[in-house]
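> Structure, please.
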Amino acid sequence: MIVSWLLIVPLVLLGGLVLVLGLYAITAYNRLIGLRNRFKNAYAQIDVQLKRRYDLIPNLVETAKGYIKHERETLEAVIQARNDAASANARVAANPGDPSSMGQLAGAEAALTGSLGRLFALAEAYPDLKANQTMASLMEELTSTENKVSFARQAYNDSVMTYNTARESFPSNLIAGMFNFQAAESFVIEDEQERQAPKVSFT
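You can find the predicted model right below:
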């Protein structure tokens, strides 16, 4: 009887340990899934605002074209930058957090902001364009959208940081490695000047 208890106790303890480890692994896995889904959802909010921004730009260029037809190179540069940014955004939307795609999007967005800045600087020299109600309305919508992009980007970056911290912390990093939870990339624009929404005054 004593011998059988001596055999049973270690088996029960071992079984209990395996059960606890199994439950922890399931909990850690589910937490990582939840955090990954959270940052993907946060990027979906950026995607909505960027698409709105990309939809506004052709209307902006078309309105400006009526007043500054001879500045074709600037107008074409804005449309090209817009198309490049939209393509980069589509790649990120398919796989949010991917470092390569996110880097391309950050670069494309910086280029778009730069080309819009040149267009707005040019528009300042045309009083009739500045007085155009459609242009003023589009500018107001664009500024509002830029602000929403900025807030959505902050929420996304916060979600990415929480996810990355969880996947790097011991012992959940063991589960992350076992199930191939990749690090996510924040949406960061390096140049401080590029962080600002393009501004133009139509007063």
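> and residue 66, how many neighbours does it have?
Neighbours of residue 66 under the rule other C-beta atoms under 10 Å: 12. Glycine gets a C-beta too; all of them are placed from N, C-alpha and C.
> Test my guess that residue 60 contacts residue 142.
Yes - using C-beta atoms under 8 Å, residue 60 makes contact with residue 142 at a distance of 6.8 Å.
> which sections of the protein are below the confidence cut-off?
1-3, 5-6, 190-203 (pLDDT under 70).
> Show me the longest helix that occurs in it.
As assigned by DSSP state H, the longest helix anywhere in the chain is helix 2-65.
> which secondary structure elements does that helix contact?
helix 72-94, helix 99-123, helix 133-168, helix 172-178 (3 or more C-beta pairs under 8 Å, 6 or more residues apart in numbering; DSSP states H and E).
> how close does the nearest residue to residue 107 once chain neighbours are set aside sit to residue 142?
Excluding the flanking residues, the one nearest residue 107 by C-beta to C-beta, 6 or more residues apart in numbering is residue 88, at 7.7 Å. Taking C-beta to C-beta, to the nearest Å as the measure, residue 88 falls 19 Å from residue 142.
> likewise residue 99?
Taken as C-beta to C-beta, the span from residue 99 to residue 142 is 29 Å.
> of the two, who's got more company?
residue 142 (21 against 12).
> Setting the sequence-adjacent residues aside, check what's closest to the more buried one.
With C-beta to C-beta, 6+ apart as the criterion, residue 142 has its nearest non-adjacent residue at 5.3 Å, and that residue is residue 56.
> Look at the one you found and say how many residues are nearby.
Residue 56 has 17 neighbouring residues, counting by other C-beta under 10 Å.
> show me the residues around it that make contact.
Contacts for residue 56 (C-beta atoms under 8 Å, 6 or more residues apart in numbering) come out as 138, 141, 142, 145.
> I'd say the first one and residue 62 touch.
No - in this structure, residue 138 is not within contact of residue 62 by C-beta under 8 Å, at 9.6 Å.
> Who has more neighbours out of those two?
Neighbour tally, residue 138 and residue 62, criterion other C-beta under 10 Å: the higher count belongs to residue 138, 19 against 13.
> Name the nearest residue to that one, ignoring sequence neighbours.
Leaving aside its sequence neighbours, residue 138 sits nearest to residue 60 (C-beta to C-beta, 6+ apart; 4.8 Å).
> number of nearby residues for that neighbour?
Neighbour count of residue 60, defined by other C-beta under 10 Å: 22.
> what residues are up against it?
Per C-beta under 8 Å, 6+ apart, neighbours of residue 60: 78, 119, 135, 138, 139, 142.
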